[in-house]
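1. Test case, fold it:
(one chain, ligands or ions: 2)
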Amino acid sequence: MESYAELDWVVIMADLDRKSTIAESSQITNALLKRSVSPNQINTDKGLILYLEGISVSFDGFRALNELNLYIETGELRCIIGPNGAGKTTLMDVITGKTRPDKGTAYFGQNVDLLSKSEPEIASLGIGRKFQKPTVFETHSVSENLELAMEADKRVWATMFASLSSEERESMDEVLLLIGLSEMRRTQASFLSHGQKQWLEIGMLLMQNPAVLLIDEPVAGMTQQESETTADLLTQLAGEHSVIVVEHDMEFVRSIAKTVTVLHEGSVLAEGPFQKVQGDPLVRQVYLGA
Ligand SMILES: Nc1ncnc2c1ncn2[C@@H]1O[C@H](COP(=O)(O)OP(=O)(O)O)[C@@H](O)[C@H]1O
Ligand SMILES: [Mg+2]
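-> Ligands and ions are numbered 1, 2, ... in the order given. Next comes the predicted model:
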């Protein structure tokens, strides 16, 4: 992709020439910004993909995160649980650059200081986030949704060369297979079930080949069957990607979890295999209500 860099510039400048509304040029600026960092630069020699240390976030004096430490291994599937207000969403916001902590350090690999990067830079470095509500393009087909999810600069390419490269086509086929929507690639997204829309959105994240996937409550509103399929999907993604899942559904967490982190009042209360965490007296007290 690097080798396209110069050509991309030409295409982008040509595009700027043609379209000059503020909205469009800001999109193009984002595409340029994306190229300022490269995913290949992430150093994971020590086997860790994320290092968060002593992270504190305050809102009007209230500590949403309090000296939080979190280490995620490369290729790991981690579940984060905790009662409402524990700081789970704030934690995701810190990792993705949406919220800046007052204190602490956050590294992506050993060498990328997340706190020095903007939200779009972090996304382009390979930390993808899926919010709870599916946000697919309803009037577009499944495959068009995946196409639209490719990097912003690819969209500029698409306006010039309306078709995908064989490499892009291949990665789309792979993603369609993974998310179980190969047979539905031409179906308009509005006809998908809630579960299928969630999988499509995970597929859209995968089109950007992120090193880390942050997924907020993937099985909320899913049927039991869809929930099981989602567990299989996330399990398959781990290894190739590092996956962090925030989830309330205990049955789901039990079914997929390798390591569970329990947040409480902005700090890690307990961490370990599901059975161990479930049996922890502190966890039972504050979370499981026993
Ligand atoms: N932007 C904000 N302004 C003020 N308080 C906030 C803000 N975001 C979160 N909080 C507070 O921080 C605490 C942690 O919130 P959050 O991270 O959303 O918890 P969780 O996702 O675990 O339910 C909550 O008490 C919440 O009210
Ligand atoms: Mg939340």
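2. Show the end-to-end separation of stretch 204-219, please.
-> With C-alpha to C-alpha, to the nearest Å applied, stretch 204-219 spans 17 Å between its terminal residues.
3. Likewise for stretch 126-143?
-> 22 Å.
4. One more: stretch 70-78?
-> Start-to-end, stretch 70-78 (C-alpha to C-alpha) is 11 Å.
5. From the chain's centre, how far out is it? Work that out for me.
-> 13 Å (C-alpha atoms, centre = their mean, to the nearest Å).
6. next one: stretch 184-200
-> The answer for stretch 184-200 is 19 Å, by C-alpha atoms, centre = their mean.
7. Can you give me the buried ones in it?
-> By 16 or more other C-beta atoms under 10 Å, the buried positions in stretch 184-200 come out as 184, 189, 192, 195-200. For every residue, glycine as well, the C-beta is placed using N, CA and C.
8. List the residues that contact F131.
-> D216 (C-beta atoms under 8 Å, 6 or more residues apart in numbering).
9. Look up how far ligand 1 lies from it.
-> 12 Å (C-beta to the nearest ligand atom, to the nearest Å).
10. do the same with E217
-> 10 Å.
11. count of residues packed around that residue?
-> For E217, the count of nearby residues is 19 (other C-beta atoms under 10 Å).
12. if I pick it, what's in contact with it?
-> Neighbours of E217 in contact, by C-beta under 8 Å, 6+ apart: 132, 246-249.
13. how far away is it from E167?
-> Distance of E217 to E167, given as C-beta to C-beta, to the nearest Å: 33 Å.
14. do N69 as well
-> 39 Å.
15. Next, format the contacts of E217 as CSV and append pLDDT and distance to D173.
-> Below are the contacts of E217 laid out as CSV (pLDDT from 0 to 100; distance: C-beta to C-beta, whole Å):
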residue, pLDDT, distance to D173
Q132, 78, 28
V246, 94, 30
E247, 88, 29
H248, 81, 34
D249, 83, 31
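16. out of those, which are buried?
-> 246-247.
17. Return the member of the contacts of E217 nearest to I42.
-> I42 has its nearest neighbour among these in V246, at 22.6 Å by C-beta to C-beta.
18. For the closest one, grab phi and psi.
-> phi -100, psi 120 (degrees, to the nearest 10).
19. Check L213 too.
-> Main-chain torsions, L213, degrees, to the nearest 10: phi -120, psi 130.
20. got the residue ranges for the helices in the stretch 151-290 of the chain?
-> 152-161, 166-178, 194-206, 224-237, 250-256, 274-279, 281-283 (DSSP state H, counting those that start in this stretch).
21. now what about the second one, what contacts it?
-> Defining contact as C-beta under 8 Å, 6+ apart, one finds that helix 166-178 is touched by 142-143, 146-147, 150, 154, 164, 182, 185, 203, 206-207, 209, 233, 236-237.
22. again, only this time at 6 Å
-> Surrounding helix 166-178, the residues in contact under the criterion C-beta atoms under 6 Å, 6 or more residues apart in numbering are 146, 182, 185, 203, 206.
23. Only the buried residues of it, if you could.
-> So for helix 166-178, counting by 16+ other C-beta under 10 Å, buried means 168, 171-172, 175-176, 178.
24. Looking at the contacts of E217, which one is closest to G266?
-> Looking across those and measuring by C-beta to C-beta, the closest to G266 is V246, at 14.6 Å.
25. what is the closest one paired to in the beta sheet?
-> I80, D216 (DSSP bridges).
26. got it, and L68?
-> Bridge pairing for L68 - DSSP bridges - gives I55.
27. Could you tell me how many residues sit around the residue of the chain found nearest ligand 2?
-> Ligand 2 sits closest to T89 of the chain, with a gap of 3.3 Å, by C-beta to the ion. By the measure other C-beta under 10 Å, the count of residues near T89 is 17.
28. Show residues contacting the host helix or strand of it.
-> Using DSSP states H and E, T89 maps to helix 88-95. Outside helix 88-95, the residues that touch it by C-beta under 6 Å, 6+ apart are 57, 64-65, 80, 82, 99, 101, 214, 246, 263.
29. Where does confidence bottom out across these?
-> Of all the contacts of helix 88-95, G82 has the smallest pLDDT value, namely 90.
30. before we move on, back to that, select from the contacts of helix 88-95 the one having the most neighbours.
-> Neighbour counts for the contacts of helix 88-95 (other C-beta under 10 Å) peak at L65, which has 28 neighbours.
31. give the contact list for that one.
-> 55-57, 87, 90, 266.
32. Recalculate using a threshold of 7 Å.
-> Residues counted as contacts of L65 (C-beta atoms under 7 Å, 6 or more residues apart in numbering) are 55-57, 87, 90-91, 94, 101, 266.
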